[in-house]
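Asks: Give me a model of this one.
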Amino acid sequence: MTTENPSTFEAMAAAFIGRVESREAVVGIIGLGYVGLPLLLAFHASGFRTIGFDVDPVKIDKLEAGETYIHHIIPERIAALVGSGRTRLTTDYSKLSEVDAIVICVPTPLTTYRDPDMSFVIATAEAIAPHLKPGHLVTLESTTYPMTSEDLLAVILERGSGLQEGRDFAIAYSPEREDPGNPDFDATSIPKVVGADSAPAGDMAEALYATVTSKVVRVPSMRTAEAVKLTENVFRAVNIALVNELKVIFDRMGIDVFEVIDAAKTKPFGFMPFYPGPGIGGHCIPVDPFYLTWKAREFGIHTRFIELAGEINSAMPEFVVARLVEALSDRLSKPIRGAKILVVGLAYKKNVDDVRESPSLVLMEMLEERGAIVDYHDPYVPVMRRTRKHGEFEGRCSIEWSLDALAQYDAALIATDHDGIDIETMVETVPLVVDSRGATRKLSPELQARVVRA
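Replies: Numbers count the residues shown, from 1 in each chain. All right, here's what the predicted structure looks like:
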């Protein structure tokens, strides 16, 4: 795709880098979600003029009012952003003609058949193309399969703009590495992988990201950078599947998998701890490996290992529900039909408000299908928003956490181990507690004896 003309393209790149270093460049971020909003804040904090774009006017209105819709981003940061005079927020993509760098941070989910859903990337590229101008740098951060940037993004931008990538404008790929709720890392402290298919484009992207992150890791091409992100999340998915399978095996043997992991991680080499749960969630691990399996089929390769990991992780909610049903019968002589169940924790991981692909939603669905009466408690999710797969839960509210409220339930299922939840009081109050996260391990032996691990 790239047909570089050194005399003009390198000069264009040098001019871009000069504007970046002097903070004269304007940075546009498309998609103000869990990836785009922190990045917008980072570029703003680095001294750039920025424009945030999103197709959702509700998000724009909230931000302009100084409000936040992401729990770990406090309102004061939003107020400082919009009050500085250096940032604009809009749904109007024609404003892209005013920026120098365009960073795409839009969703890349899966279809119902576990094929990549590239509709958001395609729609964004088509919206950018009419406003693309010579000298622009376009970077894609959305997780995707290798060769997306060169075979999809570049083609749409060239077709819609009449410009040529590698001559008139540059493209790079830099995978997002956000870990919401992790207090030790943010958009500025996580090393940034950058890949481009020409040296000038790579220089432009490296210069841009070097202004907001502690370290830029340059790789030879966009497809390499795309593969880096998939490799990171395939690694996590496979290892989580391994410990989930070990949990099932050791449970049959009367062995606590968490005790095994705690002991194994004392080895200073050759072991990295991963922890089991009721399934996997979030925008990355349940989705990203299947981008690679889909693309691998184009090359005649069947990714057996990756797909097996997906099967194991997807089966964990069934294991957890089976343990709950068994415990209700054995300990309370009560069937699941008509039982009042409290699901504790709705988010896909602790201390965040993100419910995307959360196994808690699957657990609630499975329990209700079996006739249980299900409520939830999550201090980070007071009201359930609509999700792609579980729209039927939209509008449900987290119950009040009180002794009287807890006493109404036959069983509580710990699906997400948020800090700050009074686990001890719950175990003392609810007749049956099923723990799928190891959240009760620090309780007294007497209280632990009342808990069923799942």
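Asks: This protein: strands as residue ranges?
Replies: Here the chain has its strands, by DSSP state E, at 26-30, 49-53, 87-90, 101-104, 137-140, 170-173, 192-195, 216-219, 340-344, 373-377, 411-414, 432-435, 451-453.
Asks: For the most centrally placed residue in the chain, which non-adjacent residue is spatially closest?
Replies: Geometric centre of the chain, nearest residue: residue 283, 3.4 Å, by C-alpha atoms, centre = their mean. Nearest residue to residue 283, sequence neighbours excluded (C-beta to C-beta, 6 or more residues apart in numbering): residue 356, at 5.0 Å. C-betas here are computed from N, CA, C, even on glycine.
Asks: Who are the contact partners of the one you found?
Replies: 281, 282, 283, 348, 387 (C-beta atoms under 8 Å, 6 or more residues apart in numbering).
Asks: For residue 364, see how far away residue 433 is.
Replies: 17 Å (C-beta to C-beta, to the nearest Å).
Asks: Then residue 318?
Replies: From residue 318 to residue 364 the distance is 14 Å (C-beta to C-beta).
Asks: Who has more neighbours out of those two?
Replies: residue 364 (26 against 14; other C-beta atoms under 10 Å).
Asks: Give me the nearest residue to the more buried one, chain neighbours excluded.
Replies: residue 374 (5.1 Å).
Asks: Residue 163 - how many residues pack around it?
Replies: Residue 163: 17 surrounding residues under other C-beta under 10 Å.
Asks: Which residue ranges of the stretch 251-400 of the chain form helices?
Replies: Secondary structure of the stretch 251-400 of the chain (DSSP state H, counting those that start in this stretch): helices at 257-264, 288-298, 304-332, 359-369.
Asks: by contact count, what packs against the first one?
Replies: Applying 3 or more C-beta pairs under 8 Å, 6 or more residues apart in numbering; DSSP states H and E, one finds that helix 257-264 contacts helix 222-253.
Asks: for the longest one, same thing?
Replies: In this structure, helix 304-332 packs against helix 222-253, helix 288-298, helix 359-369, strand 411-414, strand 432-435, strand 451-453, with contacts taken as 3+ C-beta pairs under 8 Å, 6+ apart.
Asks: Look up the pLDDT of the residue nearest to residue 223 when sequence neighbours are not counted for me, please.
Replies: Of all residues not flanking residue 223 in the chain, residue 146 sits nearest, at 4.2 Å (C-beta to C-beta, 6+ apart). pLDDT, residue 146: 96.
Asks: Neighbours of the closest residue to residue 211 other than its chain neighbours, how many?
Replies: Spatial nearest neighbour of residue 211, excluding adjacent residues (C-beta to C-beta, 6+ apart): residue 46 at 4.8 Å. Residue 46 has 16 neighbours, counted by other C-beta under 10 Å.
Asks: check contacts around residue 46.
Replies: Here residue 46 is in contact with 23, 211, 212 (C-beta under 8 Å, 6+ apart).
Asks: Also residue 351?
Replies: Taking C-beta under 8 Å, 6+ apart as the test, what residue 351 contacts is 72, 181, 380, 418, 419.
Asks: how far away is it from residue 182?
Replies: Distance from residue 351 to residue 182, by C-beta to C-beta: 9 Å.
Asks: who touches stretch 151-168?
Replies: 1-5, 8-9, 12, 104, 118, 121-122, 125-126, 128-130, 132-135, 138, 140, 169, 171, 197-198, 201.
Asks: pLDDT of it, averaged?
Replies: Mean predicted lDDT for stretch 151-168 stands at 97.
Asks: Flag every buried residue along it.
Replies: With burial defined by 16 or more other C-beta atoms under 10 Å, the residues of stretch 151-168 counted as buried are 152-154, 156-158, 160-161, 163-168.
Asks: And residue 2, what's its pLDDT?
Replies: 50.
Asks: Same question for residue 386.
Replies: 82.
Asks: residues contacting the nearest residue to it once chain neighbours are set aside?
Replies: Excluding the flanking residues, the one nearest residue 386 by C-beta to C-beta, 6+ apart is residue 394, at 4.2 Å. If you count contacts by C-beta under 8 Å, 6+ apart, residue 394 has them with 384, 385, 386, 387.
Asks: got the phi/psi numbers for residue 394?
Replies: Reported as degrees, to the nearest 10, the phi and psi values for residue 394 are phi -60, psi 130.
Asks: Please spell out the segments of the protein that come in under the pLDDT threshold.
Replies: The model of the chain has pLDDT under 70 over residues 1-7.
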